[in-house]
Structures are given as C-alpha cells and as structure tokens.
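Chemist: can't give you the sequence, but here's the structure:
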C-alpha cells in the first residue's frame with residue numbers, strides 16, 4: 001500500500017487548508033485511515049481517523065470542531081479539512097492506514113504511512 005499526501009502549504013492564522021491522501025496498491029484492504037502530525041521536537045500526534053467502509057470517525061480533542069476527516073471511496077482518497085488554523089497547527093502532516101477495525105489513536109497501530117506534507121500557519 002502506498003499513501004501520498006498533498007495540499008500542505010503556508011496559510012495565515014484563521015485560514016483553511018484541505019489535505020488529501022491517495023491510497024494505491026492493496027488499498028482495498030485498508031479498513032482504517034488516519035491523520036497524524038509532527039511538529040519539530042515533538043512526538044507524532046493523532047488527529048483523526050475514519051473507518052473506510054462505514055465512515056465512522058474519531059477526533060483528537062485538540063482539533064475537534066476545527067478539523068474534519070472524510071473519504072471518497074471511488075477515488076481511494078481520504079481528506080482532512082482544516083479550518084480556523086492556528087500557528088500551533090504548524091507541523092508535518094501524515095496520512096496512515098491499517099488493515100484492522102478500530103479507530104486507533106496510537107501511531108504504532110498503523111502499518112502504512114505517507115511521506116508527509118508540511119503545513120505552516122503564519123502571518
């Protein structure tokens with residue numbers, strides 16, 4: 001399974017970005033997709049997860065109400081819509097996948113990772 005993220009960039013505080021993650025290879029075998037981020041000097045942090053088939057979702061408290069995870073089955077793509085961005089949201093954002101049920105929040109529970117996309121929130 002290969003995961004490729006896109007959509008990162010520089011945005012002003014209060015702005016929005018939508019990240020995309022395209023899955024290829026044995027993408028049909030993935031059951032749970034997640035988004036994480038990692039800021040310099042910090043641990044990789046869970047943001048959101050979605051069950052590929054029934055679209056049940058889970059969010060970290062730090063982003064609940066501001067970020068939305070969604071998926072497009074036909075395009076093998078998962079999205080992360082980010083609104084009301086803050087400077088502390090600056091990080092490299094990663095897409096992850098696992099062939100298991102359960103909206104896992106630990107990075108070690110995910111088997112596949114994308115290369116990451118940089119998001120910088122600054123005026």
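Modeler: Good, I have the coordinates. Keep in mind it's a predicted model, so treat the numbers as computed, not measured.

Chemist: Can you pull out the low-pLDDT segments for this structure?
Modeler: Along the chain, segments meeting pLDDT under 70 span 27-28.

Chemist: hmm, try it at 50
Modeler: Judged against pLDDT under 50, the chain has no low-scoring part.

Chemist: So which residues of it form strands?
Modeler: Along the chain, counting by DSSP state E, strands occupy 2-6, 9-11, 17-24, 32-38, 45-51, 57-59, 67-72, 77-82, 91-98, 112-113, 117-121.

Chemist: need the ones you listed in CSV with mean neighbour count and distance to residue 106, can you?
Modeler: Using the backbone N, CA and C atoms, a C-beta is placed for each residue, glycine as well. Output for the strands of the chain, formatted as CSV (neighbours: other CB atoms under 10 Å; distance: least, CB to CB, whole Å):
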stretch, mean neighbour count, distance to residue 106
strand 2-6, 17, 18
strand 9-11, 14, 28
strand 17-24, 19, 19
strand 32-38, 24, 10
strand 45-51, 22, 7
strand 57-59, 17, 12
strand 67-72, 17, 17
strand 77-82, 22, 18
strand 91-98, 23, 10
strand 112-113, 18, 13
strand 117-121, 18, 21
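
Chemist: right, and these - which one's nearest residue 105?
Modeler: In terms of CB to CB, the element of the strands of the chain nearest to residue 105 is strand 45-51, at 4.3 Å.

Chemist: Report all helices and strands that that closest one contacts.
Modeler: If you count contacts as 3 or more CB pairs under 8 Å, 6 or more residues apart in numbering; DSSP states H and E, strand 45-51 packs onto strand 32-38, strand 57-59, strand 67-72, strand 77-82.

Chemist: Using JSON lines, lay out these together with distance to residue 94.
Modeler: Shown next, in JSON lines, are the helices and strands packed on strand 45-51 (distance: least, CB to CB, whole Å):
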{"stretch": "strand 32-38", "distance to residue 94": "5"}
{"stretch": "strand 57-59", "distance to residue 94": "16"}
{"stretch": "strand 67-72", "distance to residue 94": "13"}
{"stretch": "strand 77-82", "distance to residue 94": "10"}
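
Chemist: Could you point out which of those strands sits nearest residue 90?
Modeler: Closest among those, using CB to CB: strand 32-38, at 9.0 Å.
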